[in-house]
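> Kindly generate the corresponding structure for this input.
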Amino acid sequence: MFDRIKAVGFDLDGTFLNTHVDYATIDRADKEACARHGIPFDELVFTTEKRLRRPIYDWLKAHRRADEFPAISKEIDRKLTEIELEFVHEARPFPNSIECVKELKARGLKVGLLTRGSYEYGDTALKGAGIRESFDAVVGRDYADYDDAKPSPKAMYYFAEELGVEPSEILYLGDNRTDYYSARDAGATFIGVLSGSMTKEAWLKEDPNMILIQYAGYVTSLF
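As a prediction, the model looks like this:
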């Protein structure tokens with residue numbers, strides 16, 4: 001079933017590495033930025049679990065302040081990266097993560113990281129694990145517009161472009177619905193892992209036919 005696969009991609013947190021990230025503070029970053037700039041965050045309408053920034057832009061545009069959006073967005077991004085890097089030294093590979101990448105490369109497959117974290121965070125985490133040089137591509141939320149990050153399929157399209165393959169030629173592993181939606185909607189093959197936020201029951205509710213493994217590093221046993 002993996003005959004067409006030319007590249008294997010990993011999510012970072014909860015999938016490839018066991019990380020420590022202050023998600024509660026991350027979740028407040030856009031709200032606090034809005035407060036600093038006089039934007040009534042609680043009046044904005046967010047329609048997705050992973051809040052997009054379009055509502056912030058729309059409010060600024062409606063109040064003739066659209067030119068402020070790029071700087072505000074960069075301010076939020078800097079804060080997010082600062083939070084992500086705070087405990088990056090604590091990141092540890094899940095079982096067989098490192099060995100798996102080396103085996104995939106030996107088989108002639110490309111290997112990449114696609115994360116909702118920043119590029120700097122992903123790059124730093126992989127370097128800390130001593131495996132960065134084995135990755136052909138690292139794509140974070142700051143690769144393009146913030147609203148194109150996972151769960152948008154655009155993130156997977158960008159990832160495929162960096163890897164030099166088609167989305168349909170990617171096998172992607174993740175521990176979160178956002179990982180699944182991005183892969184599914186771009187036509188990539190997806191495997192759910194049980195090392196992060198999703199239980200077996202929750203995964204099978206999303207897709208009763210989903211392939212599940214305990215750790216992403218076990219993926220080579222499926223080929």
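> so how far is Trp59 from Pro40?
When CB to CB, to the nearest Å is the yardstick, Pro40 and Trp59 sit 8 Å from each other. Backbone N, C-alpha and C define where each C-beta goes, glycine included.
> Then Ser118?
Ser118 sits 25 Å away from Trp59, going by CB to CB.
> Then Lys200?
Lys200 sits at a distance of 41 Å from Trp59 (criterion: CB to CB).
> Excluding covalently adjacent residues, which one is nearest to the residue nearest the centre of the chain?
The residue at the geometric middle of the chain, judged as the C-alpha nearest the mean C-alpha position with CA atoms, centre = their mean, is Thr115 (2.3 Å). Distance criterion CB to CB, 6 or more residues apart in numbering; nearest residue to Thr115, sequence neighbours excluded, is Leu12 at 4.1 Å.
> how about the helices of this structure, start to end?
Assigned by DSSP state H, the helices in the chain fall at 23-36, 54-62, 69-86, 97-106, 119-128, 153-163, 177-186, 200-206.
> so which of the ones you listed gets nearest Leu17?
Distances from Leu17 to each of the helices of the chain were compared using CB to CB; the minimum, 5.8 Å, belongs to helix 119-128.
> List the contacts of Ser152.
Contact analysis of Ser152 by CB atoms under 8 Å, 6 or more residues apart in numbering lists 182, 185.
> if I look at it, how far off is Val45?
Applying CB to CB, the value for Ser152 to Val45 is 18 Å.
> Ok, Tyr143 next?
Tyr143 is 26 Å from Val45, by CB to CB.
> Pick out whichever of these two has more residues nearby.
Here Tyr143 and Val45 are compared on neighbour count by other CB atoms under 10 Å; more neighbours surround Tyr143, at 21 against 7.
> That one touches Tyr158, doesn't it?
Yes. The pair Tyr143 and Tyr158 qualifies as a contact (CB atoms under 8 Å) at a distance of 5.3 Å.
> Give the residues shared as contacts by these two.
Residues touching both Tyr143 and Tyr158 (CB under 8 Å, 6+ apart): none.
> neighbours around Glu133, how many?
Under the neighbour criterion other CB under 10 Å, Glu133 is assigned a count of 7.
> do Gly164 as well
12.
> Please name the residues that touch the closest residue to it other than its chain neighbours.
In this structure, Gly164 finds its nearest non-sequential neighbour in Lys110, 7.2 Å apart by CB to CB, 6+ apart. Residues in contact with Lys110 (CB under 8 Å, 6+ apart) are 6-8, 136-137, 163-165.
> With Ile26 instead?
Residues in contact with Ile26, defined by CB under 8 Å, 6+ apart, are 80, 83-84.
> which one of the residues you listed sits closest to Phe16?
Distance to Phe16, by CB to CB, is smallest for Glu84 among the contacts of Ile26, at 14.6 Å.
> The closest one reaches Val21, doesn't it?
Yes. In terms of CB under 8 Å, Glu84 counts as a neighbour of Val21; the distance is 5.9 Å.
> Looking at those two, which has the bigger crowd around it?
Relative neighbour count places Glu84 above the other of Glu84 and Val21, with 26 against 21, counting by other CB under 10 Å.
> what's the burial count for the closest residue to the more buried one other than its chain neighbours?
Across the structure, with CB to CB, 6+ apart as the measure, the residue nearest Glu84 apart from its sequence neighbours is Tyr121 (4.0 Å). A count of nearby residues for Tyr121, using other CB under 10 Å, gives 27.
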